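*Asks:* pasting the sequence and the predicted model now:
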Amino acid sequence: MGKDKVRVAIIGVGNCASSLVQGVEYYKNAKDDEFVPGLMHVNLGGYHISDIEFVAAFDINETKVGKDLSEAIFAHPNNTTKFSDVPKLGVKVLRGMTHDGIGKYLANIIKKAPGSTVNVAKVIKDSGADVVINYLPVGSEMATKWYVEQILEGGAGMVNAIPVFIAREKYWQDRFKEYGLPIIGDDIKSQVGATILHRTLVNLFLDRGMIIDRTYQLNVGGNTDFLNMLERERLDSKKISKTNAVTSQLKNRGIELSPENVHVGPSDYVPWLKDNKVCYLRIEGKHFGDVPMNLECRLSVEDSPNSAGIIIDAVRLIKLAKDNGISGTLEGPAAFLMKSPPIQYDDHTAKQLTEDFIKKYGKKNK
């Protein structure tokens, strides 16, 4: 099964999957010894980005099921930037399970493909997938847990890119250990997105002896993720994930902000923004002499490409773990790459733990 390949299966062929698949093609000739904009690691532990190979994909949308993955990533309602042509991959998108994967707003624009769900566990196993990425819509609690069981039965590691809490929960950690499989999760933290910016600014204030009294982070966008999150019931886990990612940095210093003084989360859907996300961030505090001050900033970024570089590292870290017989949640990498890991380290520490993991478990012959 190509020991020197990182064999990847995808659940949910949306914008994030599109950016990932495009990115593997776009960077396939990147040089190991150069700084390459957009990538944190060209070569991670002996695995080049070009070693990533897509072997299976699942979706329920009639615009995608049955198509080659290279075509499905550009199918409606995907609307992220096309930055690379993708040759035919020979990977047909298969009919997956719906469960609670489609909310009331997505139901207006997505029509389920006919036919029954394929044997997902068998497909994962037969494809030789090293790792499966969960890209289901936010709020897909039942669907995610169903797919986790298929992933375990299929013998693959997992990257949980959404805020359904799996990798941080002891029950699921124990299940992955029982099966001898690794997982990184939960809820992807983009390369330079709203969460990492907010965390960095909070730590800047604290490092410089500043008091934080209150803060908010408001996000708007025009992709299906933001449309889906108009259904507030599906937003609970996302809001918890984004809030904890920020407040954990205060708690690590022994500081608690009351809930009414912290607001972090998606705010609205603006269709013409498409895959662009706009973040409005404010921090109010005090500096020397308890004199008030505040900071406001605006971040505009294409949402899905911003996550792809993280996933590219995450799947290779899972591969290293599998190569070395490591199972359960990879705590250092999860803290570096995800909003809701089991342990919330500061980002500098999390990065160092990840680099230490790569140095320790990378292929010795490269």
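*Replies:* Right, received. Where do you want to start? Numbers count the residues shown, from 1 in each chain.

*Asks:* check the gap between the residue lying farthest from the centre of the chain and residue 331 for me.
*Replies:* Residue farthest from the centre of the chain, counting by Cα atoms, centre = their mean, is residue 289 at 41.5 Å. Note on residue 289: its distance to residue 331, by Cβ to Cβ, to the nearest Å, is 41 Å. Bear in mind the C-beta positions are built from the backbone N, C-alpha and C, glycine included.

*Asks:* coming back round to it: please report phi then psi for the residue farthest from the centre of the chain.
*Replies:* phi 70, psi 20 (degrees, to the nearest 10).

*Asks:* and for residue 198?
*Replies:* Residue 198 has phi and psi values of phi -60, psi -50 when expressed as degrees, to the nearest 10.

*Asks:* ok, it touching residue 217?
*Replies:* Yes. Assessed by Cβ atoms under 8 Å, residue 198 is found in contact with residue 217 at 5.3 Å.

*Asks:* what touches both of these two?
*Replies:* Shared contacts of residue 198 and residue 217 (Cβ atoms under 8 Å, 6 or more residues apart in numbering): 246, 264, 281.

*Asks:* from those residues, pick the one nearest residue 321.
*Replies:* Minimum separation from residue 321 among those (Cβ to Cβ) is found for residue 246, which lies at 28.0 Å.

*Asks:* so what's the spatially closest residue to that closest one that is not a sequence neighbour up against?
*Replies:* Excluding its sequence neighbours, the residue lying closest to residue 246 (Cβ to Cβ, 6 or more residues apart in numbering) is residue 198, at 5.0 Å. Listed by Cβ under 8 Å, 6+ apart, the contact set of residue 198 reads 215, 217, 245-246, 264, 281.

*Asks:* ok, so of those, who is nearest residue 174?
*Replies:* The closest of the contacts of residue 198, once distances to residue 174 are taken by Cβ to Cβ, is residue 245, at 24.2 Å.

*Asks:* where's the closest one, which helix or strand?
*Replies:* helix 236-251 (DSSP states H and E).

*Asks:* then residue 282?
*Replies:* Applying DSSP H and E, one finds residue 282 within strand 276-287.

*Asks:* just list what that strand packs against, helices and strands only.
*Replies:* The helices and strands touching strand 276-287, judged by 3 or more Cβ pairs under 8 Å, 6 or more residues apart in numbering; DSSP states H and E, are helix 194-207, strand 211-221, strand 291-302, helix 303-323.

*Asks:* please report how far residue 281 lies from residue 206.
*Replies:* 16 Å.

*Asks:* ugh, typo on my part, it should be residue 45
*Replies:* 33 Å.

*Asks:* who has more neighbours, those two?
*Replies:* Applying other Cβ atoms under 10 Å to residue 45 and residue 206 shows that residue 45 carries more neighbours, namely 21 against 18.

*Asks:* make sure the more buried one is actually in contact with residue 320.
*Replies:* Yes. Assessed by Cβ under 8 Å, residue 45 is found in contact with residue 320 at 4.8 Å.

*Asks:* what do these two both touch?
*Replies:* 358, 361-363.

*Asks:* coming back round to it: for the helices and strands packed on strand 276-287, which one ends up most surrounded?
*Replies:* helix 303-323 (a mean of 25; mean count of other Cβ atoms under 10 Å).

*Asks:* the helix or strand that that helix is followed by pairs with which strands, parallel or anti?
*Replies:* Using DSSP H and E, the helix or strand that follows helix 303-323 in sequence is strand 328-329. With DSSP bridges as the test, strand 328-329 is paired with strand 182-184 (parallel).

*Asks:* report the buried residues of the helix or strand containing residue 145.
*Replies:* Following DSSP H and E, one finds residue 145 within helix 141-154. For helix 141-154, burial by neighbour count (16 or more other Cβ atoms under 10 Å) applies to 141, 143-144, 146-148, 150-152, 154.

*Asks:* same question for stretch 336-351.
*Replies:* The neighbour-count check on stretch 336-351 (16+ other Cβ under 10 Å) flags 336-342, 344-347, 350-351 as buried.
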